[in-house]
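Trainee: pasting a predicted model and its sequence here:
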Amino acid sequence: MKRTDESPLDNGVRGRIDMERTTVLTVDELSKTFGNHEVLRSVSLELKESDVVCLIGSSGSGKSTLLRCINLLEEPTAGTICFRGEPVSRSRVSLAAYRARVGMVFQNFNLFDHLNVLNNCVIAMRKVQKLDRKTAEQRAGYYLEKVGMLPFIHAKPHQLSGGQKQRAAIARALAMEPEILLFDEPTSALDPQMVQEVLAVMHALAKEGMTMLIATHEMMFAREVSTRVVFLDEGSILEEGTPEQLFSCPRHARTEEFLRGLLYRCPGEM
Amino acid sequence: MAPFWENIVTTWSRYHSHYLIGARNTLIISFVSTFIGCLIGFAVGIVQALPDSPRAGKGRCAALKILKIVLRSYVELFRGTPMIVQAVFIYYGARLVAGLHLDMWTAAFLIVSVNTGAYMAETVRGGILSIDPGQEEAAHALGMTHVQTMLCVILPQTFRNIIPQIGNNLIINIKDTAVLSVISITDLFFVHKSVSGSLYNYFESATIIMVIYLILTLSVSWLLRLLEKRLDGKQHYDLATTDTLAHTSGLVRYARPSEEKK
């Protein structure tokens, strides 16, 4: 079920589609404590197919931790995560299988430094999905072309710019053909120029109907692309809603304060 | 100076086959033992670098802890005592205490390997820790298991990074096998001792083995540099077409969905 021709802001249509779309990911009452520091407090979230949900909030509000808990890079202290209606088990075998279906893009790219761009994409397909080299390379090529990285398949990560690294990392995640993509501040480590090339790729993915959960500080992007925006504050969801609702008339003073802070930072935008 | 050169020439012409056999033995012991030592080092280093995972059961955690303490003691014991003492201790000790008649070659390989392993364990552990943990996370996030992550992502990079240290160990072993003459291994130094003992030409013989040692170590370091270069691959890459998505000449504003429709 692909959402290709509908504008992401068209809520009337969305309402109708909502009935048919299946739920991909449900996070229920998720909490995470590091020592005695409560990073996440009973966060609940649901993503349906083709949803693009942006997590916004100041640094330390728990955006990254939430994403890392979702694919169990961090062990949640309490709460459950359901994928396609099934609670995610922590046994080794099913954990790897689950992670293969949930793509993740990191702030610092985390490409494998000793492999070139092509092999970065191919390795997990071969080791996890057990594809043969030819199939894996073809699929990698398809996704690398999609992010505009096909010319650079022979380059090692240290030979690339930040934006190129991040696009390669997105292709690496896409090549596993995940059912949902998690983005952990994908543009925060990039120069302003390079931010655009990465956002362009994500924008295209959203239009194709990829289900995405994005922690970001790019408010313009969040406003345009997301079907829902979630404002995290001190580890709990303070407010969530459609982009216009949240950006134009936020219900909480804290949300307003956060958004005004950003507005002040870049006058003229939004 | 004339007798000096003359003596070298006579010593060499009379005993060169002995020197060459000594050099060969030195090389065999140091290469084989460095190799085995590296295997030991990788095994120990990998275990030492294992995180105390909270996901594993209590029994496994305790077992891992005990294993780590044992391996740690091994490293500290062999790093902390001179190899010449270890050689005597193991070679004669095995005979006296355990009644085990170790053949001197077995003893030599054992001593040097175990010694190298102790040093390499720490090197490997450091090498693993030096790889950005983000890469491990990325591999896990792609669904790779811990073993796959280790074999395909972490260890190849660790290996590349510790080649200089492997080279160090190899060169140290080439020189330090000299101490094995205490258990009568006919290495280069043993040959020197026998030759100079019979001809009383300590200086000349020492000069000869100095040169041989130097030739051996220099060739080894040259070979390792070559290996490093090979592993690094090409310093440039071939481009297929131009990058169409990089807007390197300024910002591009996103069109709003409403504008897009026009």
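Mentor: Ah, there it is.
Trainee: quick one: mean pLDDT for stretch B:7-16?
Mentor: Average pLDDT, stretch B:7-16: 91.
Trainee: swap that for stretch A:67-82, sorry
Mentor: Stretch A:67-82 carries an average pLDDT of 92.
Trainee: neighbours of A:Ala78, how many?
Mentor: 13 (other Cβ atoms under 10 Å in any protein chain shown). (Glycine included, C-beta is placed from N, CA and C.)
Trainee: hmm, A:Leu30 and it touching each other?
Mentor: Yes: A:Ala78 lies in contact with A:Leu30 (Cβ atoms under 8 Å); the separation is 7.3 Å.
Trainee: got the residues of the stretch 1-150 of chain A near chain B?
Mentor: Proximity of the stretch 1-150 of chain A to chain B is confined to A:7-9, A:71, A:73, A:75, A:90, A:92, A:96-104, A:106, A:108, A:110-114, A:116, A:123-124, A:127-128, A:147-150 under the rule Cβ under 8 Å from any Cβ of the partner chain.
Trainee: check whether the stretch of helix or strand B:Lys68 belongs to comes near chain A.
Mentor: Following DSSP states H and E, one finds B:Lys68 within helix B:58-79. No: if you take Cβ under 8 Å from any Cβ as the test, helix B:58-79 misses chain A, and the best it gets is 12.2 Å.
Trainee: how close does B:Asp132 sit to chain A?
Mentor: Noted for B:Asp132: a distance of 7 Å to chain A, by Cβ to the nearest Cβ, to the nearest Å.
Trainee: can you tell me which residues contact that residue?
Mentor: A:Asn108, A:Asn110, A:Asp113 (Cβ atoms under 8 Å, 6 or more residues apart in numbering or on different chains).
Trainee: identify each buried residue in whichever helix or strand comes after the helix holding B:Lys68, please.
Mentor: Per DSSP H and E, the first helix or strand lying C-terminal to helix B:58-79 is helix B:83-97. Across helix B:83-97, burial judged by 16 or more other Cβ atoms under 10 Å in any protein chain shown covers B:Met83, B:Ile84, B:Gln86, B:Ala87, B:Ile90, B:Tyr91, B:Ala94.
Trainee: stretch A:54-73: end-to-end distance?
Mentor: With Cα to Cα, to the nearest Å as the measure, stretch A:54-73 spans 20 Å from end to end.
Trainee: let me fix that, I meant to ask about stretch B:122-136.
Mentor: The first and final residues of stretch B:122-136 sit 20 Å from each other (Cα to Cα).
Trainee: buried set for that stretch?
Mentor: In stretch B:122-136, counting by 16+ other Cβ under 10 Å, buried: B:Glu122, B:Thr123, B:Val124, B:Arg125, B:Gly126, B:Gly127, B:Ile128, B:Ile131, B:Gln135, B:Glu136.
Trainee: quick check: phi and psi on the second one?
Mentor: This means B:Thr123. phi -60, psi -50 (degrees, to the nearest 10).
Trainee: show the contacting residues for it.
Mentor: Residues near B:Thr123 by Cβ under 8 Å, 6+ apart: B:Gly41, B:Gly45, B:Ile162, B:Gln165, B:Ile166, B:Asn169.
Trainee: now the stretch 51-200 of chain A, which segments are flagged as low pLDDT?
Mentor: By pLDDT under 70, the low-scoring segments of the stretch 51-200 of chain A are A:92-93.
Trainee: surely A:Ile237 is within a strand?
Mentor: Yes: secondary structure of A:Ile237 (DSSP: H, G, I helix; E, B strand; the rest coil): part of a strand.
Trainee: ok, it touching A:Glu46?
Mentor: No: under the criterion of Cβ under 8 Å, A:Ile237 makes no contact with A:Glu46, lying 11.5 Å away.
Trainee: common neighbours of these two, please.
Mentor: Common neighbours of A:Ile237 and A:Glu46 (Cβ under 8 Å, 6+ apart) do not exist.
Trainee: out of those two, which sits in the busier spot?
Mentor: In terms of neighbours (other Cβ under 10 Å), A:Ile237 is the more surrounded of A:Ile237 and A:Glu46; the figures are 20 against 14.
Trainee: brilliant, that's me finished.
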